[in-house]
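1. structure here, sequence nowhere to be found:
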């Protein structure tokens, strides 16, 4: 019998959650950055990687310069029109401190009502319906990115079918590998980092992430039979050839890359189960990362 | 008998190379960005990581906004006063293409005379004395970063003693670990990535790299006895405590972080030797990464 974790349920709920986000999104568009504003996006862990994806998409869509920072590495010397932050728990120390220090208008995406980030941000967008019981973030991360993508013009309903396909697809080959290198280009680099973090934290698995073309500048050395290279979005044909020539399993998809991320979430949980570790409670982590003083 | 690789010799030459860089640097200061200019720094692999370190140092020193990109991920929509690129071989496809496309004044640091990057860049700085025989970059990377640090005001001679200490120091504990997570803050994040790449490419070793405080947002899960966490520069005391509580070996140093990187270079080569792989010729890599069309 397969034990069902909170993460299993939360991963599987994503088609429904994305529909809810699509419906909810227009009600908060007024809190998000206007076209032309210079924006900084900040987050920690999974939220940092979703921030990377959004920053790249926003600037590429012509909405304005958009920088991204890990919460601990914010550049206080640069001037921004608005700071966007993502914090599921609403309590992450780096984000609470950052929002307390800056004078820039800010908006925070969180799953929690009346949190410390809400006290400090100019605007708060609360998506409580996307909150999770697992320490591992899955649907919260895609809900937050989905909201931001909706604001950039994507009809999230258009990729719900991709999400359903990602849930139904076969992952058995990928669960057998001993290592995965995740690759992306542009906005999918953030997804590659998130996929690597998922496998790493759920089951202490060896995973890496890179801009796809930088893979040939070193990381290629670790590729071999029994390992996998996983591309989010399209990568050049000659790079695919080089990957395959190492004997590694090559994973790619024509699904929307955010739906493709759901396959990586499933692989992470499946590897955790195979290894007998509790994916809902990654070793040494808690739901809210609060630093001591 | 220990086999001496090119990389061994090149790593050990760094105190002398840094002295040469200190002497050479003022002759090319006029080619480097002026204070106040908005600059993009680009590179691939090790050169990308040295670019990260320089970009962070330059902006923190008040010399102006400084963005950094992997060569394949350059943002052609942003306007810069100058593009700085690093390319040991002078032939890296991404950098050659990028320099051919942009109209922005550019300067490239390379080890090679009459290369394709020289044809395309506005200015070229050739440090042939720092070139290497090993495919693995060690002294070239620190020579390039050293030149850029000298331009920001560091007297490189002041850290040659640290380089000598890093060479003479004991690394035996670190060679025994099965995994290393490298951490940094600000400019040392680039060094953390370079250290991880060194061990990864020289010996197919499992290594990771993060902004230090993001380590608690997931990567901490993989830390355990038999593995190491390696901090470049100072990190908060409570983070050190959390690292030590996982049972991992904790490595830190009061040496200049660029000298501390030399210890990581030595560990990479030592692990490669222990595993019986040729550190000078990483699997699947060549000195010059030229992509097919």
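-> Happy to help now that I have it. No experiment lies behind these values; they were computed from the predicted model shown.

2. contacts only, for residue A:12.
-> Shown in contact with residue A:12 (Cβ atoms under 8 Å, 6 or more residues apart in numbering or on different chains): residue A:167. Heads up, the C-betas are built off the backbone N, CA and C, glycines and all.

3. for chain B, see how far away it is.
-> Using Cβ to the nearest Cβ, to the nearest Å, one obtains 22 Å as the distance from residue A:12 to chain B.

4. list phi and psi for that residue.
-> When read as degrees, to the nearest 10, the backbone of residue A:12 gives phi -70, psi -20.

5. check what pLDDT it gets.
-> If you check residue A:12, the pLDDT there is 97.

6. go on, the one 3 residues further on?
-> In the predicted model, residue A:15 carries a pLDDT score of 98.

7. next: residue A:1.
-> 46.

8. and for residue A:293?
-> 49.

9. stretch A:35-51 near chain B anywhere?
-> Yes: counting by Cβ under 8 Å from any Cβ of the partner chain, chain B is contacted by stretch A:35-51 at A:44-46, A:48.

10. around chain B, which positions in the stretch 101-250 of chain A sit nearby?
-> By Cβ under 8 Å from any Cβ, the residues of the stretch 101-250 of chain A that approach chain B are A:179, A:185-186, A:189, A:197, A:200-202, A:204, A:206, A:208, A:211-214, A:216-224, A:236, A:238-239, A:242, A:246.

11. which among the residues of stretch A:35-51 next to chain B end up buried?
-> The neighbour count (16 or more other Cβ atoms under 10 Å in any protein chain shown) marks A:44-46, A:48 as buried among those.

12. could I get the full set of strands for chain A?
-> Assigned by DSSP state E, chain A shows strands spanning A:39-43, A:66-70, A:82-86, A:106-110, A:123-126, A:180-184, A:207-211, A:228-231, A:249-251.

13. CSV please, covering the ones you listed and showing mean neighbour count.
-> Below are the strands of chain A laid out as CSV (neighbours: other Cβ atoms under 10 Å in any protein chain shown):
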stretch, mean neighbour count
strand A:39-43, 27
strand A:66-70, 22
strand A:82-86, 26
strand A:106-110, 25
strand A:123-126, 20
strand A:180-184, 27
strand A:207-211, 25
strand A:228-231, 26
strand A:249-251, 18
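
14. in a markdown table: those, plus distance to residue A:60 and mean pLDDT.
-> Below are these laid out as a markdown table (distance: least, Cβ to Cβ, whole Å; pLDDT from 0 to 100):
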| stretch | distance to residue A:60 | mean pLDDT |
| --- | --- | --- |
| strand A:39-43 | 13 | 98 |
| strand A:66-70 | 9 | 98 |
| strand A:82-86 | 16 | 98 |
| strand A:106-110 | 20 | 98 |
| strand A:123-126 | 22 | 98 |
| strand A:180-184 | 13 | 97 |
| strand A:207-211 | 15 | 94 |
| strand A:228-231 | 18 | 98 |
| strand A:249-251 | 24 | 97 |
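
15. please, where are all the helices along chain A?
-> Secondary structure of chain A (DSSP state H): helices located at A:6-12, A:14-24, A:46-60, A:93-101, A:116-120, A:139-151, A:160-168, A:172-175, A:188-203, A:237-245, A:257-275.

16. quick one on the thing from earlier: farthest pair in the buried ones among the residues of stretch A:35-51 next to chain B?
-> A:44 and A:46 (8.2 Å; Cβ to Cβ).

17. which residues are in contact with both of the two?
-> With Cβ under 8 Å, 6+ apart as the test, residue A:44 and residue A:46 both reach residue B:217.

18. now residue A:61: phi and psi?
-> According to degrees, to the nearest 10, residue A:61 has phi -80, psi 0.

19. equivalent analysis for the one 3 residues further on, please.
-> With angles defined as degrees, to the nearest 10, residue A:64 sits at phi 130, psi 160.

20. could you measure from it over to residue B:228?
-> Distance, residue A:64 to residue B:228, by Cβ to Cβ, to the nearest Å: 42 Å.

21. ok, now residue A:175?
-> 28 Å.

22. tell me the mean pLDDT for stretch A:130-137?
-> On average, stretch A:130-137 scores 93.

23. residues in contact with that stretch?
-> For stretch A:130-137, contacts defined as Cβ under 8 Å, 6+ apart pick out A:5-7, A:10, A:17, A:20-21, A:45-47, A:88, A:111-112, A:138-140, A:143-144, A:198, A:201-202, A:268-269, A:279-282, A:285-287.

24. the residue nearest to residue A:22 when sequence neighbours are not counted: how many residues sit nearby?
-> Using Cβ to Cβ, 6 or more residues apart in numbering or on different chains and skipping residues adjacent in sequence, the residue nearest residue A:22 is residue A:156, 3.9 Å away. Neighbourhood size, residue A:156 [other Cβ atoms under 10 Å in any protein chain shown]: 24.

25. hang on, residue A:156 packs against residue A:19?
-> Yes: with contact defined as Cβ atoms under 8 Å, residue A:156 counts as touching residue A:19 (7.3 Å).

26. quick one: contacts for the closest residue in space to residue A:284 that isn't next to it in sequence?
-> Counting by Cβ to Cβ, 6+ apart, residue A:284 lies nearest to residue B:220, which is 4.6 Å off, once chain neighbours are set aside. With contacts taken as Cβ under 8 Å, 6+ apart, residue B:220 has the following neighbours: A:283-285, B:242-243, B:246.

27. can you name the residue of the stretch 1-150 of chain A nearest to chain B?
-> Here the stretch 1-150 of chain A gets closest to chain B at one residue, residue A:45, 2.8 Å apart by Cβ to the nearest Cβ.

28. who's in contact with the residue nearest the centre of chain A?
-> A centroid search over chain A (Cα atoms, centre = their mean) returns residue A:50, at 4.0 Å, as the residue closest to the centre. Residues near residue A:50 by Cβ under 8 Å, 6+ apart: A:43, A:86, A:141, A:144-145, A:148, A:190, A:194.

29. show me which pair in these is furthest apart.
-> The two members of the contacts of residue A:50 with the most space between them (Cβ to Cβ) are A:148 and A:194, at 14.1 Å.

30. more neighbours, the two?
-> A side-by-side neighbour count of residue A:148 and residue A:194, using other Cβ under 10 Å, places residue A:194 first with 32 against 26.

31. skip the chain neighbours and tell me the closest residue to the more buried one.
-> residue A:49 (3.9 Å).

32. same question for residue A:267.
-> Nearest to residue A:267 is residue A:174, by Cβ to Cβ, 6+ apart, at 4.8 Å.

33. hmm, back to that, mark which of the residues of the stretch 101-250 of chain A next to chain B are buried, thanks.
-> For these, buried by 16+ other Cβ under 10 Å: A:179, A:185-186, A:189, A:197, A:200-202, A:204, A:206, A:208, A:211-214, A:216-223, A:239, A:242, A:246.

34. closest residue of the stretch 101-250 of chain A to chain B?
-> At 2.9 Å from chain B, residue A:217 is the closest residue in the stretch 101-250 of chain A, using Cβ to the nearest Cβ.

35. got a list of what that residue touches?
-> Residue A:217 makes contacts with B:44-46, B:48, B:92, B:285, B:289, as judged by Cβ under 8 Å, 6+ apart.

36. just those residues that are near chain A?
-> When contact is defined as Cβ under 8 Å from any Cβ, those meet chain A at B:44-46, B:48, B:92, B:285, B:289.

37. redo the residues you listed as JSON lines? Include distance to residue A:127 and pLDDT.
-> Conversion of the ones next to chain A among the contacts of residue A:217 to JSON lines gives the following (distance: Cβ to Cβ, whole Å; pLDDT from 0 to 100):
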{"residue": "B:44", "distance to residue A:127": "38", "pLDDT": "96"}
{"residue": "B:45", "distance to residue A:127": "39", "pLDDT": "94"}
{"residue": "B:46", "distance to residue A:127": "41", "pLDDT": "96"}
{"residue": "B:48", "distance to residue A:127": "35", "pLDDT": "97"}
{"residue": "B:92", "distance to residue A:127": "43", "pLDDT": "92"}
{"residue": "B:285", "distance to residue A:127": "44", "pLDDT": "74"}
{"residue": "B:289", "distance to residue A:127": "43", "pLDDT": "66"}
